[in-house]
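**Student:** no sequence on this one, just coordinates:
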Ligand code: RM4
Ligand code: MN
Ligand code: MN
């Protein structure tokens, strides 16, 4: 790229246009088409799968657009978004590459818009919607009156609880102004040592707080109660597992649901079974997708255990169809990841791809045959049916859905060919740090 091109770009944030996509696709099209044809010939469901994939979008978390870190350090990659405008523009880039990331999930107060009107217009320009808004009572903000050191909604001091309630209601207000229709409440509340808390009182205080927040929900809104097994508290978490989340959500009412973050379970938990039962009870609200080997590792979706992801989608497709739910819109589909050693945008493209692959594979499961095998106690057959779908290389179907929607056949390849990160560093600088964790 010559210098003059950079100078022009400086005043217009990086965008990827249709001609660039088309040029990229033209080069790859014939080889791609051969693979799609073969899949369509071999699989009667293939065409239906492609159409479902076109409709299926996964929201990008605003806090995953910068380089993440651990408590030991953080190594920025440069060109990170410095404000909400730049975060939206990053998600816009992702969306133009894959036409599957048509929404952004905001975290308040990190992402409070300076002008709601301008932010809405910018998002619309990129074809983006606002997914669930997230509250933050796990950090103290500068100038904040009361500390969350010993919890927020669970706190023994009513003033701290009220501050946390007010914050959540404020988050709903921001979300409403932007056109969002859900709030995700993740509480870091809990205890680090036995004896620190009275579990019953802690639950009741938290429930009362959630009830006040629930009462402030607009009529068409949902509240997602996210659970997490451990961290930052290491003895007990006040919303520590799906049972506790389900208990809060049931007591709150029909607008409250459980949110499943894949990394928030103890090792080897059977997440697909949890998903199936929450769906059965009409209490599954949505997901924070990521992958993990040990804990809340927030790794790229599908990078460690893609079979588990497939099994989760297998339950989702089965359970949503049983309840006649709309796959694309009836649950909240969000990523919650962090990237310490990869380019955040490449990482997010990989995550979206992994989710769509698992979804496509789940759509290919022969439900009738599986049901027959289950009813006949034919265990080997049941396994064959699942693995037949899982071992199908559905990548051409996912790419075809992208192509149909006007996106790139190979998003990461195009991201690299266009030197997107280099341009972002040029626009924003090498030493930028996005808000987030
Ligand atoms: C938590 C949890 C929440 C997210 C924060 C940043 O571990 O996953 O969803 O809002 O991290
Ligand atoms: Mn999460
Ligand atoms: Mn997490």
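**Tutor:** That came through fine. Computed from a predicted model, the values in this text were never measured in an experiment. Ligands and ions are numbered 1, 2, ... in the order given.
**Student:** Could you use CA atoms for every contact and neighbour count after this?
**Tutor:** Fine.
**Student:** residue ranges for the strands of the protein, please.
**Tutor:** Using DSSP state E, the strands found in the chain span residues 60-61, 69-70, 73-74, 103-105, 129-130, 133-134, 182-186, 190-191, 222-226, 236-237, 256-261, 284-289, 332-335.
**Student:** Return the most buried member of those strands.
**Tutor:** strand 60-61 (a mean of 30; mean count of other C-alpha atoms under 10 Å).
**Student:** buried ones in the longest helix seen in the chain?
**Tutor:** The single longest helix within the chain, with elements called by DSSP state H, is helix 18-42. Using 16 or more other C-alpha atoms under 10 Å as the test for burial, helix 18-42 gives 21-22, 24-25, 32, 35-36, 39-40.
**Student:** before we move on, back to that, what would the strands of the chain look like in CSV with mean pLDDT?
**Tutor:** Output for the strands of the chain, formatted as CSV (pLDDT from 0 to 100):
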stretch, mean pLDDT
strand 60-61, 98
strand 69-70, 90
strand 73-74, 90
strand 103-105, 98
strand 129-130, 98
strand 133-134, 98
strand 182-186, 99
strand 190-191, 98
strand 222-226, 99
strand 236-237, 98
strand 256-261, 99
strand 284-289, 98
strand 332-335, 98
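**Student:** Next, format those strands as TSV and append distance to residue 168.
**Tutor:** Putting those into TSV (distance: least, C-alpha to C-alpha, whole Å) gives the following:
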stretch	distance to residue 168
strand 60-61	18
strand 69-70	26
strand 73-74	29
strand 103-105	15
strand 129-130	17
strand 133-134	8
strand 182-186	8
strand 190-191	18
strand 222-226	11
strand 236-237	19
strand 256-261	14
strand 284-289	18
strand 332-335	19
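**Student:** Of all the ones you listed, which one is nearest residue 271?
**Tutor:** The closest of the strands of the chain to residue 271 is strand 256-261. By C-alpha to C-alpha, the value is 8.6 Å.
**Student:** follow-up on the earlier one: which of the buried residues of helix 18-42 lies closest to residue 400?
**Tutor:** Using C-alpha to C-alpha, the buried residues of helix 18-42 come closest to residue 400 at residue 36, 7.2 Å.
**Student:** List the residues that contact that closest one.
**Tutor:** 396-397, 400 (C-alpha atoms under 8 Å, 6 or more residues apart in numbering).
**Student:** Just these: which are in helices?
**Tutor:** Reading helices off these with DSSP H, I get 396-397, 400.
**Student:** Just give me the closest of the residues you listed to residue 376.
**Tutor:** residue 397 (32.4 Å).
**Student:** How many residues are close by the closest one?
**Tutor:** Per other C-alpha atoms under 10 Å, the neighbour tally for residue 397 reads 26.
**Student:** Over to the one 10 residues further on?
**Tutor:** Burial measure for residue 407: 24 neighbouring residues, criterion other C-alpha under 10 Å.
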